[in-house]
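**Q** model the following, please.
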Amino acid sequence: ELLTFCFLDTEICGIISLLYGFLFRNPSLNRNFTDELITLPETTVVLATHVMDFLGYVGVLDSGVLQQVVASSEETLELRHIASFLLRYSNRYECRRLESHTILVLGFFTVKHTDYQNVIQTGRTPVALQQLCSLPFQYFTNNELMEILFPTLIAACYNNVANKSILEQEMSCRSLVTFIQDKMKLVQPSERVETRKLKSDFIHRFPVSEWVNAIEFFS
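**A** So this is what the prediction gives:
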């Protein structure tokens, strides 16, 4: 509880605004998302990777903390802008660790939060949700990468008809249904979350109590 209070009181040490400043207040960085996307300094890529990694661990601790920290419209837009840029950048320059951490954070950002689900379908196209749905083919065929992407897609689109429609333009929802059904065979609803260690585990990223309803929604 003390750690949660510290995160809320300090807005997670201000790291979201810090990263935003590094990325978008740098005059050498192309902010306009044109095709001429420059290569970031390695130190900036490392910083972004660590920040998104840390935000992912905050999400595991309590996704509500992350959601509260970005509750102001300014913080919300900063995180959306950061995530959209990092998805595009990491895809182009094959920064897979950065890409994976960014995907995880978007899942914690949107889970059971309609307003934030709507946020990732706004902005310059391709919006963050469209970028998630059009990631490299391996994310839809490789089990390890599906473990990263699919929980975020489920969190981002669950009970949101508009987001589900965007998703269906790129892939079949049946893949998400199968993913959840496979998890239900492995994880009992009564299993304690504390016994699972990996932050990418589906049990950390989408409430077990909603798995059956999610199957119905995506079917």
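**Q** quick check: which ranges of the protein have low pLDDT?
**A** 1, 26-37, 188-200 (pLDDT under 70).
**Q** can we see that at 80?
**A** Flagging of the chain using pLDDT under 80 yields the residue ranges 1-5, 7-11, 25-38, 187-200.
**Q** residues near residue 67, how many?
**A** Neighbours of residue 67 under the rule other Cβ atoms under 10 Å: 19. Using the backbone N, CA and C atoms, a C-beta is placed for each residue, glycine as well.
**Q** the nearest residue to it once chain neighbours are set aside and residue 41, how far apart?
**A** Distances taken as Cβ to Cβ, 6 or more residues apart in numbering put residue 113 closest to residue 67, at 5.6 Å, once the chain neighbours are dropped. Relative to residue 41, residue 113 is positioned 34 Å away (criterion: Cβ to Cβ, to the nearest Å).
**Q** the two: who's more crowded?
**A** Per other Cβ under 10 Å, whichever of residue 113 and residue 41 has more neighbours is residue 113, with 18 against 12.
**Q** ok, now how distant is the more buried one from residue 104?
**A** In terms of Cβ to Cβ, residue 113 sits 16 Å off from residue 104.
**Q** report the buried residues of stretch 90-107.
**A** By neighbour count with 16 or more other Cβ atoms under 10 Å, stretch 90-107 contains the buried residues 90-91, 95, 98-107.
**Q** what does the helix or strand encompassing residue 153 rub up against?
**A** Element membership of residue 153 [criterion: DSSP states H and E] is helix 143-157. If you take Cβ atoms under 8 Å, 6 or more residues apart in numbering as the criterion, helix 143-157 is touched by 100, 103-104, 106-108, 110-112, 117, 120, 129, 132-133, 135, 138-140, 163-164, 166-167, 175-176, 179-180, 200-202, 205-206, 214, 218.
**Q** one more: stretch 126-134?
**A** Counting by Cβ under 8 Å, 6+ apart, 80, 83-84, 87-88, 91, 103, 106, 120-121, 149, 152-153, 156-157, 163, 166-167, 169-171 sit against stretch 126-134.
**Q** and what of stretch 11-22?
**A** Contacts of stretch 11-22 (Cβ under 8 Å, 6+ apart): 7, 44, 47-48, 51, 54-55, 58, 65-66, 69-70, 75, 78-79, 81-82.
**Q** hang on, the earlier thing: now the buried residues of stretch 90-107 in JSON lines, with distance to residue 187 and secondary structure?
**A** Shown next, in JSON lines, are those (distance: Cβ to Cβ, whole Å; DSSP: H, G, I helix; E, B strand; the rest coil):
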{"residue": "90", "distance to residue 187": "29", "secondary structure": "helix"}
{"residue": "91", "distance to residue 187": "30", "secondary structure": "helix"}
{"residue": "95", "distance to residue 187": "31", "secondary structure": "coil"}
{"residue": "98", "distance to residue 187": "28", "secondary structure": "helix"}
{"residue": "99", "distance to residue 187": "26", "secondary structure": "helix"}
{"residue": "100", "distance to residue 187": "21", "secondary structure": "helix"}
{"residue": "101", "distance to residue 187": "23", "secondary structure": "helix"}
{"residue": "102", "distance to residue 187": "25", "secondary structure": "helix"}
{"residue": "103", "distance to residue 187": "21", "secondary structure": "helix"}
{"residue": "104", "distance to residue 187": "18", "secondary structure": "helix"}
{"residue": "105", "distance to residue 187": "23", "secondary structure": "helix"}
{"residue": "106", "distance to residue 187": "22", "secondary structure": "helix"}
{"residue": "107", "distance to residue 187": "17", "secondary structure": "helix"}
